[in-house]
Every structure is written in C-alpha cells, then in structure tokens.
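Asker: Based on what follows, work out the 3D shape:
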Amino acid sequence: MKLRSQLILAFLVLAVLPLAGIVGYSYVSSANAFRAAVQVETSEVTRQISFGLDRARQDLTRYVDALGRVLPFDDPQYVDRGALVEQLLGDGADFVEALEYVPAGSPEPGSMIPPVASPDSRRPGRGARRFIWSRGGARDGPAGAEGDGDAGDEWARRARDVARIFGGPVSTAVHRDGHEVGHLRAEIRTELLIRNVLRRIPGAGGAVAFAIDAEGEFYTSGPEELELLQGVRCPGGQPLPEALVAGDANLWRGVSDWVVVTRSGAESGLVYGIARPIGASLAEMRAASLRNLGVGVGLMSLSLFAAAPLANGLTRRLSHLTRQVDRLARGDAAARARLGGRDEVGKLGEAFNRMARDQEKSRRQLLEQERYRRQQEVDRRLLEAENERQTSELEEARRFQLSLLPVALPEHPDLEIAALQRTASEVGGDYYDFSRLREDGALTIAVGDATGHGARAGTMVTVVKTLLASADMGLDLADFLSRATATIRSMNLGRRAMALVLARYREGVLDLASAGMPPVLISRCPSGEVEEIMSSGVPLGTLAVASYERHRVRLEPGDAALLMSDGLPEMLDASGEPVGYPAIAERWLEVGQRPAQEAVAEFESWVEELSPHGVPADDVTFVAVRRRPSE
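Answerer: Numbering: from 1, shown residues only. Just a heads-up that it's a prediction; the model follows:
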C-alpha cells in the first residue's frame, strides 16, 4: 500500500472513527444524564401529589370542623340553610357531596363513628340520623329513609373510599351546653378531589400526573391525559395505564420515549406518579449529535484537501529517499539523497547521507579488519602448533621426571617409610630417591629440588640421580656433596643448580648432610617434641669448591624424621601469607608420633586445602622415616 493511501486510511481510522465514537458516547451519556435528571424532577413532582392530597384532607377536615362549631345541627328548627350554603361556598365545598348529622347514641351500620352517649340523646326528635344538606337537595331529611337500598350502598362505598384515602371519615363532634350531642359527617367526592389535586400538578414538558386506587381505578386530571397515556405502548403492546394498574414495572420501564415514576401512599393505598415524554428531546439530541458529526467530518475533509499538496510533496521526497536506500542496499556506495529543506524529511536525508558515508568507511575498515583477522588466524594456528609442541615436550618431561622416582618404597626391618609428591602444573624439579639396602642395614634417603622447571630441571635431576647411583654410599655424606657440586660445575650447565639433603640410617643412627635444603624435623617419642636440624651449604652446581656439614642424630624407637622440599612452606594460606617453617613444625608436633603413612596423609590433606583447583603452585615433596616402636 502506498504512503498516500496509508495517510487516507490513517485519517479515517485516527480521525473519523474516534470522532464518531466521541459523538456517540456524548449522545449516550447526555441521554442518560437527561433521563436521570427527568427522573429526579419527576420524583419531586410525585412528592407534590402526596403533599396535595394531604393538604386537601387537612382543608376538608378544617372545613367540617368549622361547620360543626357554627351551626346548631342538633335542632332542625335552628338550621339556617342560607347560612349553611354560605359556609359551603368556602374552599373545598365542591368536594362535599352531602352532610349528615348523626345524634349521639344512634345506630350507625357501616359507619366508622362510634356511638356517643349523651344526656340529650333521648330528647324527642333528636335520635334519628338525617341528611341536613346534599348537593341538589336530593337527600334532605332523615337519613334512615335512604339508609337502605342503592343510596345506602353508595353512601357506604363513599365512606369506605374516604376512610381508605384519608385514613378515616371526615367528621367532627357537635357540642351543646358543654356536652357532645352528635357528629357531623361529610360525604366526599373522592374522584373529583383526586382529579383536582392532579390538575394542580404542573405539566412541564408534557408530563401527565396520574393516580391508581386500591381497586385498580386509574385517575388523570382529564380525559385528554388519559387518552394520551392509552396511546403509549409498552414493549409487549400493552397500553401504559394497564401496565401501571397491573403493577408490572418491567413493562412500563421498558418504554424508551417516556419516563414513568410512581410513589405509593402507605396510608391511603393510592399509587400516584408522573409520566413524562422524552422522545422529542432524545430525537433532538440525536439530530444535534448527527449534525455535530457531519460538521466534524466536513471540517476534517477540508483539512485533508488542504493538506493534499503537502502530502504529495512529502511522498515525492520519501520516494526519492526510498530509491537511494535501494541503491545503497545493492552495494552502490555512491548513493546519496538530495532532499533539501530543514524539516524532518530533510534531516532524514542528511542522516541517510551520513549513514552512507559511514557505511563506506565501515566497509573499508571491515576489509582491513578481515585482512588483520586472517593474519591473526595464521599466527594463532602457528602459536597453537608451538603450544602443542611445547605441551608434548612438557608431558614427555613430566613422564621422564616421574620415571626417575622410585617405583616402590623400600622395606626396612627397623623403619616405617612414607613419601608424598604433588607436582605443579608445569614440570618441576622436586626429586626423592632411596639407595639399595646394604647388608649392614644401611639405607640412604635423598630429597632434592632443582632450580627452574621443565627440561632444565629434568636435566639436573638426571645428573644427580646418576651421581647417586654410581657413588659408593659408604662414603661420608658431606664428602659426597662436595664431589657432586664439583662434578656438576665442571659440566658447564650454566645457572642450573639443585638443592639436596641426604640421610643415612644405620643401627638407630641417622647421618644428615644438606646442600641448601630446608631443615630436617625430628619428632621425639613419646612427647612428640620437635628438633630442627639445620645444615649450612650451597645448592649443588653453584660453586666448584664447597664444603658441607654432617650431623648425626640418634633415633630411639618411636622417633621420626621428616625430610621436605620448600614447596609447602612457600604456599599461601587463607590470609595470603606464606605457610612458613614454624607452622610445619607445629603440624609435625601434632602428627609426628603417628605411623609414618598417617603422618604423611595429614600433610597431603593440608596441601590439598591450600591448592587452588587442586594443583599446587610449586612441587611439594615429603619423606617421613620413623623407627618402629618397641613391642
């Protein structure tokens, strides 16, 4: 899809549809708010109906009370009909159908007025009920004459209506000489009263006030209003008054063009309410919403037509930029965008040109890096080949060094012998060896440490092992070291040297001679006290002429000697400091009286604790010799 088509589609999606949504939401929310406001207003009007009925009841009661105080109803000869008519001309007279005087103590079938005993109730001519006034004069005279038949039923019905609507009869007591002599009761025209109250309710916006009595009679202020409501149909097709009389709220609340609010009178049994049409208002609101939508769409369309030249220029410049991007993607480093202008599109073109220049520069750098990478690859492979060669040589040197060590420890009837060697990652120079056991029980032990690593150290170990193998071990150990350093020096091996300690055991005596090796530690039985035998002397091969000391130590049963290289003393502990010889002497004090193999195993565990990744930084060698304890 082209950019121009996308812009038109975006206009429809981002402008017209949201506008339609806003207008629709505005109409729905406004209609709901209007309907809610009408309901609130109509609810207030229903309260006015209730107030009007209460006011009418109060007025009628006050009117009858005034008649009872003014007129002497207990004596017909004093009844002034002209005065009575004059009283009836007051407010509420239109709602009175007839006035009945009920003497105290007279029977009153169906009446709600209780009989009252009075001293005057037995006076002649005063014990009979009678109508003292009726509209049109049809019922003047004794009430008993019409107390039976249809007139009596009608009177009873009206009495029940009045009692139901007003909570009791509209009557007042008649007094004479301070005594109650009877009651004056008014027959009320309830239909006319209800319609009069409804007629006084303001019909703003075409509102129709109505009332429904307990027997289902539907009242409006006039026949026109009733006919109007009859024309309103509920969702099921039922006329609105019938739905209201049936009390089906789901039906009349479903009328969308009318708002109906009802209110029940708890005492009167009446249901009164207001029905107000809102269809015209809603239609006007819909028309206004559609007009607003049309105006909005029209204004947006004008804006779209006005922006068309700008959009064409934009799409033309973007098309040019797209072609240059395609050229650059095909490898044409000379692709450049000529858009001009200082707007965003112009800045985009400048950014593209910078990118094209940077890409060309990056391409040259990549070519140079590729040449450099290939050279590095060649060098790496050569280095790997050299490393493999050196690794192979180191492995051969390691195997050669290990081959110089004794295959097994010698057996001696008087000694326990144990040895330990842990080599570093590179070929080291540590060495230990034993001479053959002589007929006199003499056994010579050698522990050495050649300088350097790899083949240089292996050469020195080979030379010293050869000298030991070819020498007469009956010689004095110090003399052997002097002859060995002279021989090595004469071989012109450069700066190569080797430290060596020799120990010869025979019949409980241990002879020692050392050429630059750590001290020999003696553990005395049974206390485990440690003696340190330190000999002076330079490593073999350092000087052509050198003298060495000889020490003789007596080993009693249970005594043990420890010969070692400098590997463990120079290892670093947890604090980063060298272990040192005092720490080794303390450990030998703890384990020196154990069997030789157990003592060496303790030192082996110590070396493993101090070795990173299980490999020590330098070769570590121990040889422990313990004279067997007495049985």
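Asker: How is residue 431 assigned, secondary-structure-wise?
Answerer: strand (DSSP: H, G, I helix; E, B strand; the rest coil).
Asker: so it bridges to which residues?
Answerer: Beta-bridge partners for residue 431, by DSSP bridges, are residue 448.
Asker: Report pLDDT for it.
Answerer: Predicted confidence (pLDDT) at residue 431: the value is 89.
Asker: now residue 403
Answerer: pLDDT, residue 403: 70.
Asker: what does residue 290 give?
Answerer: Reading off the model, residue 290 has pLDDT 84.
Asker: Bridged to the closest residue to residue 206 other than its chain neighbours, which residues?
Answerer: Spatial nearest neighbour of residue 206, excluding adjacent residues (C-beta to C-beta, 6 or more residues apart in numbering): residue 277 at 4.8 Å. Heads up, the C-betas are built off the backbone N, CA and C, glycines and all. Note on residue 277: beta-bridge partners residue 258, judged by DSSP bridges.
Asker: give me the number of residues near residue 277?
Answerer: Residues lying near residue 277 (other C-beta atoms under 10 Å) number 18.
Asker: can you pull the contacts of it?
Answerer: When contacts are counted by C-beta atoms under 8 Å, 6 or more residues apart in numbering, residue 277 touches 205-207, 257-258.
Asker: ok, so of those residues, who is nearest residue 381?
Answerer: residue 257 (92.9 Å; C-beta to C-beta).
Asker: what does stretch 21-35 contact?
Answerer: With C-beta under 8 Å, 6+ apart, stretch 21-35 has contacts from 259, 278, 281-282, 285-286, 289-290, 292-293, 296.
Asker: Same check on stretch 467-487?
Answerer: So stretch 467-487 is contacted by 433, 435, 438, 442, 444, 446, 464, 488, 500, 502, 504, 511-513, 515, 537-538, 540-550 (C-beta under 8 Å, 6+ apart).
Asker: Buried by neighbour count: which residues of it qualify?
Answerer: Within stretch 467-487, the residues scored as buried using 16 or more other C-beta atoms under 10 Å are 467-468, 473, 477-478, 480-482, 484-485, 487.
Asker: Then stretch 335-344?
Answerer: 335, 337, 339.
Asker: for stretch 526-540, same thing?
Answerer: 528, 530, 533, 535, 537-540.
Asker: Same list, those, but as CSV with pLDDT please.
Answerer: Formatted as CSV, those follow (pLDDT from 0 to 100):
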residue, pLDDT
528, 89
530, 94
533, 94
535, 88
537, 89
538, 93
539, 94
540, 92
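Asker: quick one: which helix or strand includes the closest residue to residue 546 other than its chain neighbours?
Answerer: Using C-beta to C-beta, 6+ apart and skipping residues adjacent in sequence, the residue nearest residue 546 is residue 485, 5.1 Å away. Here residue 485 sits within helix 477-490, counting by DSSP states H and E.
Asker: about what we covered before: now, the buried residues of stretch 526-540 that are in strands?
Answerer: 530, 533 (DSSP state E).
Asker: Dump the buried residues of stretch 526-540 to CSV, plus distance to residue 24.
Answerer: Converted to CSV, the buried residues of stretch 526-540 look like this (distance: C-beta to C-beta, whole Å):
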residue, distance to residue 24
528, 101
530, 101
533, 107
535, 108
537, 108
538, 106
539, 102
540, 106
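Asker: Return the closest of the buried residues of stretch 526-540 with respect to residue 356.
Answerer: Closest to residue 356, out of all of these and judged by C-beta to C-beta, is residue 539, at 71.1 Å.
Asker: who's in contact with that closest one?
Answerer: Neighbour list for residue 539: 451, 497-500, 515-516 [criterion: C-beta under 8 Å, 6+ apart].
Asker: possible to save those as a markdown table with neighbour count, distance to residue 386 and pLDDT?
Answerer: What follows is the contacts of residue 539, written out as a markdown table (neighbours: other C-beta atoms under 10 Å; distance: C-beta to C-beta, whole Å; pLDDT from 0 to 100):
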| residue | neighbour count | distance to residue 386 | pLDDT |
| --- | --- | --- | --- |
| 451 | 17 | 25 | 83 |
| 497 | 24 | 28 | 90 |
| 498 | 28 | 29 | 92 |
| 499 | 25 | 32 | 94 |
| 500 | 28 | 34 | 94 |
| 515 | 28 | 36 | 93 |
| 516 | 23 | 34 | 92 |
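Asker: so which of those would you say is closest to residue 460?
Answerer: Set against residue 460, the nearest of those by C-beta to C-beta is residue 498 (4.5 Å).
Asker: if we can go back for a sec, dump the buried residues of stretch 467-487 to JSON lines, plus distance to residue 102.
Answerer: Compiled in JSON lines, those are given as follows (distance: C-beta to C-beta, whole Å):
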{"residue": "467", "distance to residue 102": "160"}
{"residue": "468", "distance to residue 102": "157"}
{"residue": "473", "distance to residue 102": "161"}
{"residue": "477", "distance to residue 102": "159"}
{"residue": "478", "distance to residue 102": "161"}
{"residue": "480", "distance to residue 102": "161"}
{"residue": "481", "distance to residue 102": "158"}
{"residue": "482", "distance to residue 102": "163"}
{"residue": "484", "distance to residue 102": "160"}
{"residue": "485", "distance to residue 102": "160"}
{"residue": "487", "distance to residue 102": "163"}
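Asker: Would you check these and say which has the weakest pLDDT?
Answerer: For those, the pLDDT minimum is residue 473, 67.
Asker: Was I right to think residue 507 contacts residue 443?
Answerer: No: Residue 507 lies out of contact with residue 443 (C-beta atoms under 8 Å); the separation is 11.1 Å.
Asker: In terms of packing, which of these two has more residues around it?
Answerer: residue 443 (21 against 9).
Asker: Need the per-residue pLDDT for the more buried one.
Answerer: 91.
Asker: need the contact list for it.
Answerer: Residue 443 neighbours (C-beta under 8 Å, 6+ apart): 410, 412, 415, 434-435, 437, 504-506.
Asker: and what of residue 558?
Answerer: Residue 558 neighbours (C-beta under 8 Å, 6+ apart): 525-526, 593, 626-627, 629-630.
Asker: and which of the buried residues of stretch 467-487 is nearest residue 236?
Answerer: The closest of the buried residues of stretch 467-487 to residue 236 turns out to be residue 468 (C-beta to C-beta; 124.3 Å).
Asker: what about that closest one, which SS state?
Answerer: At residue 468 the chain is in helix, as set by three-state DSSP.
Asker: Tell me how far it lies from residue 526.
Answerer: 35 Å (C-beta to C-beta, to the nearest Å).
Asker: Also residue 480?
Answerer: To residue 526, residue 480 is 34 Å away according to C-beta to C-beta.
Asker: Likewise for residue 573?
Answerer: Distance, residue 573 to residue 526, by C-beta to C-beta: 30 Å.
Asker: Please parse this structure into its domains.
Answerer: Domain assignment for the chain by automatic domain parsing gives 3-45+204-281, 71-191, 320-404, 409-627.
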